[in-house]
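Novice: Quick one, fold the following:
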Amino acid sequence: MKSAIYLGKENIEIQNRPMPELGNYDVLIKNIYSSICGTDVAVYKHGENTGHRITVGEEFGHETISKVVAIGDKVTEFKVGERVYPYPRFAIGDTKRAGTIGGFSEYIKIPNAKKNYSLYNVDDSISDKVACLIEPFTVGCRAARRAQPKQGEKFVVFGCGTIGLASAISLKHFGAEKVMICDISDFRLNIAHELGFETCNTSKLNFKEESIKYFGSASSLNGEVANIDGFIDASGADEILDIFMEQGKIESRFVCVAVNKSIRNLNLLHLTYSQKSIIGSGGYMPEDVKNVIDIMKSGKWDIEKIVTHEFPLNEIETAIKTAGDANNSLNVTIKF
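Specialist: Sure thing, here's the model as predicted:
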C-alpha cells in the first residue's frame, strides 16, 4: 500500500508498505478522504515536537473518513463496504498515536475493532468530503461544550480555521443566539460569512467597537464592553487572552482550544472580582462524535464550503504547504 512517511522537517516520502495482516477481531479500512490538520502543517514546517507527537520514519495523519474493505473471521459488528470514521484515540490501539493513525496511507488496520469506540458508522446523508472533517469538528465541538453555552447566549470565536468554524457551528447547535468569528484572513472570513456568521477582521477593524455594535453593551470592571458571554480562542495568538482580560464582561468565560505554549501572568484578583473563568479544551470525547454527526446530518450549514482544496496523495507536500497559507486556503484534503 502507498503511505506518506514523515522523514522530518519539510521531508515526506511516498513509500510502498506491506499490507497489514488481520487477526480474528481486526478490521481493515481504506481511506477515502483525509483532511490536513494544523498540527500536520506544524511538524512539516518546523520538525518534531512542534505539533502532535510524531515519529520520524512512520505514517501520520489522523483526520479521515474510510470504508471497511476486510474483516477478521470473528468480527460481527462491521461489514465490508460500510463507511466508518476511525476515532483517533482508540483506532490503532495506542492513544499516544492519536495524531498519527495513518490518515495519509491508503489503508489502516483497526485492531480489535469495536463499534462506537474505535470505529463509528457514518450516515449516508453526509458526503465524504464533509465526513473527513468529523475529527476537527469534534475538537471544535468540545471547545463549544467547554464554554458551557446556554440558550440565547452570545459568543465570539477567534480563529477562522476548521476548528474555529466547528466551534462556531457547534455553539449555534447548542443554542447560542449570536456568534461572531474573528480572524485576519479575509479569505477565511468570507467563507464564515457565507455560512451565516458575523465576522470581524481584527487587523482592519476595532474589535471593541464592532463587538459592541453587534452584541450590545455590558458592564465590566474596566467599564463598558460588549455583551459577550463566552470567548473561544481557536487561534493561539497571545493578544486574545489579553482581549478577554480587558474586555470580558462580568461572569464571562474564556476557552482555549488553540495550541499555545506561552506562559502567562494573570491578574487573579481581577478574575476573582469579575467572576470570570478561563477554561482549557483539549481533544474530544465520544459524546462529541455523536453531536458532530448530528450537526452534519442536519444540513443546516453548508460545511463542504470549508474544504477549499483537494490533492492526490502523491502531492501531499504541496497540499500541506497550501494548508499553511491562511490567506488563500481553509481546509485542504487528500483524496485517495
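
Novice: the helices in this protein, which residues?
Specialist: Listed in chain order, the helices found in the chain under DSSP state H are 38-46, 128-131, 134-146, 162-173, 186-194, 207-215, 239-247, 268-274, 286-298, 316-323.

Novice: Identify the residues contacting the residue lying closest to Val257 once chain neighbours are set aside.
Specialist: For Val257, ignoring the flanking residues on the chain, the nearest one in space by Cβ to Cβ, 6 or more residues apart in numbering is Ala143 at 3.8 Å. In short, each C-beta sits where N, CA and C put it, glycine included. Counting by Cβ atoms under 8 Å, 6 or more residues apart in numbering, Ala143 touches 163, 167, 170, 232, 234, 255, 257, 281.

Novice: Okay, Ala143 and Ala4: tell me how far apart.
Specialist: As judged by Cβ to Cβ, to the nearest Å, Ala143 and Ala4 stand 28 Å apart.

Novice: Let me know the closest of the contacts of Ala143 to Arg89.
Specialist: Ser281 (15.2 Å; Cβ to Cβ).

Novice: Do I have it right that that closest one meets Phe254?
Specialist: No: counting by Cβ atoms under 8 Å, Ser281 stays clear of Phe254, with 10.5 Å between them.

Novice: Which residues are in contact with each of the two?
Specialist: By Cβ under 8 Å, 6+ apart, no residue touches both Ser281 and Phe254.

Novice: List the contacts of the closest residue to Ala226 other than its chain neighbours.
Specialist: Leaving aside its chain neighbours, Ala226 sits nearest to Ser211 (3.6 Å; criterion: Cβ to Cβ, 6+ apart). Going by Cβ under 8 Å, 6+ apart, Ser211 touches 156, 180, 200, 226, 228, 247.

Novice: ok, 7 Å please
Specialist: 156, 180, 226, 228 (Cβ atoms under 7 Å, 6 or more residues apart in numbering).

Novice: for Phe60, what are its contacts?
Specialist: 6, 40, 54, 100, 104.

Novice: Can you give me the distance of it to Pro18?
Specialist: Phe60 sits 18 Å away from Pro18, going by Cβ to Cβ.

Novice: Let's have the contacts of Ser211 in TSV, adding distance to Phe336.
Specialist: Below are these laid out as TSV (distance: Cβ to Cβ, whole Å):
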residue	distance to Phe336
Val156	37
Met180	37
Ala226	45
Ile228	42
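
Novice: filter these to the buried ones?
Specialist: 156, 180, 226, 228 (16 or more other Cβ atoms under 10 Å).

Novice: and the gap between the third one and Val69?
Specialist: What that stands for is Ala226. For Ala226 relative to Val69 (Cβ to Cβ), the value is 51 Å.

Novice: Please apply the same query to Glu310.
Specialist: Going from Glu310 to Val69 by Cβ to Cβ gives 22 Å.

Novice: again, but for Glu106
Specialist: 10 Å.

Novice: any common contacting residues for those two?
Specialist: What both Glu106 and Val69 touch, as defined by Cβ under 7 Å, 6+ apart, is the set Lys30.

Novice: So those two - more neighbours on which side?
Specialist: Set side by side, Glu106 and Val69 show more neighbours around Glu106, with 18 against 14, by other Cβ atoms under 10 Å.

Novice: show me the contacts for that one.
Specialist: By Cβ under 7 Å, 6+ apart, the neighbours of Glu106 are 1-2, 30-31, 336.

Novice: Give me the subset of those that lies in strands.
Specialist: Among these, the members found in strands (DSSP state E) are 2, 30-31.

Novice: now, which of those sits nearest Asp73?
Specialist: Lys30 (19.5 Å).

Novice: Hmm, that closest one is touching Val69, no?
Specialist: Yes: between Lys30 and Val69 there is a contact under Cβ atoms under 7 Å: 4.7 Å.

Novice: can you tell me how far the spatially most central residue of the chain sits from Tyr117?
Specialist: Nearest residue to the geometric centre of the chain (Cα atoms, centre = their mean): Pro136, 2.5 Å. Counting by Cβ to Cβ, the gap from Pro136 to Tyr117 is 20 Å.
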